[in-house]
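> Sequence first, predicted model second:
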Amino acid sequence: MTNLVVEISRYLIILLIAIYTYYNFRFFAVKDEAEQDLACRRQVVCLFMLHFLANLVIYANTESTVLIAFYVAQLAFFAAYIRLYRFFYRNVSRILVNNTCMLLCTGFVILTRLNPERAMRQFLIAAASAVATWIIPFIIDRVWQLVKFPLVYGLLGLVLLTAVWFAGNTSYGAQLALAVGGFSFQPSEFVKISFVFFAAAMFYRSVSFKNIVLTSVIAAAHVLVLVLSRDLGSALIYFVTYLVMLFVATSNWGYLGLGAVSAGVAARAAYSLFPHVRRRVLAWADPWSDVDDVGYQTAQSLFAIGTGGWFGMGLYRGMPEKIPVVDKDFVFAAVSEELGAIYALCLLFICLGCFLQFSMIAMKMQAMFYKLIAIGLGTVYITQVFLTVGGVIKFVPSTGVTLPFVSYGGSSILSTFILFGIIQGLYILKRGEEEEDEEE
Amino acid sequence: MKKSKPNPKANRGILFFAYAASALFLCMGVYMGYFIQAKSEDAINNPYNARLSTFADRTVRGKILANDGTVLAETAVASDGTETRNYPYGELFAHAVGHSTAGTTGIEDLANFYLLTSHVNLLQKTVDDLAGRKSAGDSVVTTLDVALQTVASDALGNRRGAVIAMEPDTGKILAMVSKPAYDPNAVAAGWEELAGGDSSEARLLNRATQGLYPPGSTFKIVTALQYMREHPGAYNDYEFDCGGVFERDGYRIQCYHQTAHGKQNFTQAFANSCNGAFANLGLTVDLGEMHDLAGQLMFGRDLPLAVPYSRSVYQMDEDADEWEILQTSIGQGKTLVTPMHSLLLTAAIANGGILMQPYFIDHVENAAGQQGRAFKPAVYGELMVANEADALTGLMVAAVNEGTGSALRTDAYQAAGKTGSAEFEQGKETHAWFVGFAPVERPRIAVCVIVEEGGSGGQTAAPIARKLFDEYLGAE
């Protein structure tokens, strides 16, 4: 009987995520607001059905009443998050709220399967972050003064990153986290955001050559400190983000070309200077020749994805625990193994959908400061998704970054909530202005 | 606050990045889809992938069938759920089908994934689930021919050695016998004895693919090919007067039983397997090119084979001394070859120089017999050009019609082949070799026979090949 539940749910879950993803893109295709609303409402239906089925499978496999309670708590959270966000902010971007929930839901399900305690911890952090970041759109709407302190963002970020470099705990060969009062947090997750604010405010002031040089120096310092901390994934995210923001601010192809060339030189230098970089590249080029050592992680990930196939093994039917750091950097492989490659691909395109929504908001914003923040944060987000998924499927060398909202990790969850909160704030701000215009 | 004029083209930049990200994600999606669709099987079957073992918790291992559907291996499930793997033919298919009771070997290993994957229809699966039963795994239909395998095994009798047969134009392995064999039904129970035991017995070893033997006179095919390449159109001008023993600088090369062949041209020397003539001829060839040729013919290289095998060895290079040249030219010396490798070379000659990839699994079907994945013949590569293959075929026909392969002479079909009697230890009988194919006009079967310490290839190995040809070509 258990088999039957797992078997049928497996296909239904895939069907539901596919429908959900379809509406994600349908939303962009239709102009009519009523139709957009309909798409979002249907997404919510898919979300709750999927969430129910996945938890049914979890129960069928564990028969744990604690997990039923956990399910109910998640259900209450999603319902409240979706309702209350709209209650407080009438003009919220519903598609972003939905996507937040869908990504979190996938994360909760896969983490519950991997490690229920971690899943519950993740849930508590997510709920707390959701409450704490509720205020962000409100602040964005009212505090234009944010633009005034570019150097504060820049220097604060640098100090935090440098502190990690000196005092950070080392995990998997990289200094990532600071321990403060029993909590360990990863500053680079938050400095991403201050970094975007810094660059946006600087470029808003002036795109004179002198100002660009100054901005570039501080930005390069961020990247350098990250490289020295061996946090290559973050270094790459910061770098790409800076380049995108610079280009949007100036439309100067020369800067973009210069950036691309310096990236090439830096990559080459990193390859010959750092053995850990060479190791990652080797593991990417050929994980099979040394499965025991260099290629272990990539090979395990590909075993998982390959064995899972298009439709997945079904929850609890695979061996995701064989993949090192499966709940963080390699969570995408676990999703693909047990929920299927179709599900994983849908997840990938939901993330892309978020970025497209960010870009649309960026294009709609009039003030350059806001425009740059929207595209900057969007780039942070999509580059991170690209690096983590690309690393998992051996499309690019693995760089050790998390999949936002899905991977386990408090800093990652909170910073992603902040990031989405800021974008929501910009969206609400813009919609508010449009409504005022209509009234006049 | 003072600020510069905002960039009017900013939105174009944003749009550019939105498209770029979309394109990149699309590429990534396609890459992942390609991996799942085309490449994942290698990952799944990788020995480091632990996942396959859990498949057995939900699937009853499928059947292995011969090319006509005869069951070679199946799993019986007792009423209490105990599973027993049965091999109805016992020792006959021991090395070809292998076993799955103490590790997996042979086709049991090759097809592990298919056997443990169930494609029964959804209704059946639902019924199985509700009843708490495992679903029946898929069956693999092999290329093995029960009748031919039986003939090969009987012909070899209880002598040690190997017999393999393959279709030259498809690469289908029709029979693969290695002796001494073992009973796969009792492999788990008798493991101690099998794994330990008399080391020279090595029952678990598949001699057909893993046994390394000196090639003896079968290697004259390679020496001949090199000589023909160096003397295009004129190689048959070669002449040698054989007195039974060829002496050179104090070294002595004997013909088999010191038979004096008398005046021999190139074709006669090949057909009669005259060692003196080939040792003498070997002294004239370019050793570097010979080394390259051996490489092209897969000596020291990987074979296109999915089951475990040993790499053949060929060591002679430009620095070789005279003795090594004399020995290597007639297939003695340091050269070692597996029977499977010899078979592949023979099959390539039969197929106009083109080697087809050898394979054991024809197709996969679900428990109800509906066909799933099928494996098509695939070209491995051109080992030699067509007229070289034709010329070698001519030599091998002469060996049958006028030389040492007399056991293959029949009106029913024209066979081609080469015998070999390989010395491996002073004072012991030679290993008896035969490689060949038939019918010459349109080869349907190629075989390789080796009988350890069997004496003369012509007298011991060739008659075994004859029996296989007779059986397969329907000429009693």
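Received the coordinates, thanks.
> Could you use CA atoms for every contact and neighbour count after this?
Noted.
> in chain A, which spans are strands?
Taking DSSP state E, the strands of chain A run over residues A:169-171, A:174-180, A:183-185.
> Just the mean pLDDT for the longest one, thanks.
Mean per-residue pLDDT for strand A:174-180: 67.
> for the last one, same thing?
Taken as a whole, strand A:183-185 carries a mean pLDDT of 73.
> Stretch B:119-139 now?
Looking at stretch B:119-139 alone, the average pLDDT works out to 82.
> In contact with the closest residue to chain A within the stretch 351-476 of chain B, which residues?
Across the stretch 351-476 of chain B, no residue is closer to chain A than residue B:373, which sits at 15.8 Å (C-alpha to the nearest C-alpha). Taking C-alpha atoms under 8 Å, 6 or more residues apart in numbering or on different chains as the definition of contact, the neighbours of residue B:373 are B:363-365.
> Check for me that it belongs to a strand.
Yes. With DSSP: H, G, I helix; E, B strand; the rest coil as the criterion, residue B:373 is located in a strand.
> quick one: pLDDT of residue B:197?
Per-residue confidence for residue B:197 comes out at a pLDDT of 60.
> With residue A:344 instead?
The model reports residue A:344 with a pLDDT of 96.
> Next up, the contacts around it.
For residue A:344, the set of contacting residues under the criterion of C-alpha under 8 Å, 6+ apart consists of A:332, A:335-336.
> Quick check: which of those are also close to chain B?
Contacts with chain B are made by none of the contacts of residue A:344, judged by C-alpha under 8 Å from any C-alpha of the partner chain.
> and of these, the nearest to residue A:427?
If you rank these by distance to residue A:427 using C-alpha to C-alpha, residue A:332 comes first, at 29.1 Å.
> Please tell me I have it right and the closest one contacts residue A:389.
Yes. Taking C-alpha atoms under 8 Å as the definition, residue A:332 is a contact partner of residue A:389 at 6.5 Å.
> which residues do the two both contact?
Both residue A:332 and residue A:389 are in contact with residue A:403, where contact means C-alpha under 8 Å, 6+ apart.
> Can you tell me the closest non-neighbouring residue to residue 304?
You didn't pick a chain, so chain A it is. Once its chain neighbours are removed from consideration, residue A:304 has its nearest residue in residue A:337; the separation is 5.1 Å (C-alpha to C-alpha, 6 or more residues apart in numbering or on different chains).
> my bad, the chain I had in mind was chain B
residue B:357 (6.1 Å).
> Over to residue A:100?
The spatial neighbour of residue A:100 that comes closest, neighbours along the chain excluded (C-alpha to C-alpha, 6+ apart), is residue A:405 at 7.2 Å.
> neighbours around the one you found, how many?
For residue A:405, the count of nearby residues is 26 (other C-alpha atoms under 10 Å in any protein chain shown).
> correct me, but it touches residue A:99?
No. With contact defined as C-alpha under 8 Å, residue A:405 and residue A:99 do not form a contacting pair (9.7 Å).
> Leaving out sequence neighbours, find the closest residue to residue 395.
Using chain A here. Nearest in space to residue A:395, with sequence neighbours left out and distances taken as C-alpha to C-alpha, 6+ apart, is residue B:28 at 6.7 Å.
> looking at chain B here, not the other one
Across the structure, with C-alpha to C-alpha, 6+ apart as the measure, the residue nearest residue B:395 apart from its sequence neighbours is residue B:267 (5.8 Å).
> so who does the one you found touch?
Taking C-alpha under 8 Å, 6+ apart as the definition of contact, the neighbours of residue B:267 are B:236, B:395, B:398.
> Kindly indicate whether it is helix, strand or coil.
Here residue B:267 takes the helix state, with states given by three-state DSSP.
> Can you name the helix or strand that residue B:304 falls in?
No secondary structure element spans residue B:304, as it lies outside all helices and strands (assigned by DSSP states H and E).
> thought it was touching residue B:358?
Yes. Counting by C-alpha under 8 Å, residue B:304 does reach residue B:358; the two are 7.0 Å apart.
> quick one: which of the two has more around it?
Neighbours were counted for residue B:304 and for residue B:358 using other C-alpha under 10 Å; residue B:358 has more, 24 against 16.
> I'd like to check which residues are in contact with the closest residue to that one other than its chain neighbours.
Beyond its immediate neighbours in the sequence, the residue positioned closest to residue B:358 (C-alpha to C-alpha, 6+ apart) is residue B:171, lying 4.1 Å away. Residue B:171 makes contact with B:355-359, B:377-378, according to C-alpha under 8 Å, 6+ apart.
> cool, residue A:336 as well?
For residue A:336, the contact set (C-alpha under 8 Å, 6+ apart) comprises A:304-305, A:308-309, A:312, A:342-344.
> from these, which single one is nearest chain B?
When the contacts of residue A:336 are compared for distance to chain B (C-alpha to the nearest C-alpha), residue A:309 comes out closest, at 5.9 Å.
> Do I have it right that that closest one meets residue A:337?
Yes. Because the distance of 7.0 Å satisfies C-alpha under 8 Å, residue A:309 is recorded as touching residue A:337.
> Of these two, give the one with the bigger neighbour count.
Between residue A:309 and residue A:337, counting by other C-alpha under 10 Å, residue A:337 is the more crowded of the two (31 against 24).
> What separation do you get for the more buried one and chain B?
11 Å (C-alpha to the nearest C-alpha, to the nearest Å).
> hey, where'd the strands end up in the stretch 51-200 of chain B?
Listed in chain order, the strands of the stretch 51-200 of chain B (DSSP state E, counting those that start in this stretch) span residues B:59-60, B:64-65, B:71-77, B:83-86, B:135-136, B:139-142, B:161-166, B:173-179.
> residue ranges of the helices in the stretch 251-400 of chain A, please?
Shown for the stretch 251-400 of chain A, the helices assigned by DSSP state H, counting those that start in this stretch span residues A:253-273, A:275-285, A:296-308, A:331-339, A:341-364, A:368-392.
> For these, which has the smallest mean pLDDT value?
Confidence, taken as mean pLDDT, is least for helix A:275-285 of the helices of the stretch 251-400 of chain A (a mean of 85).
> what's in contact with that helix?
Residues external to helix A:275-285 that are found in contact with it (C-alpha under 8 Å, 6+ apart): A:270-272, A:294-295, A:298, A:394, A:396-399.
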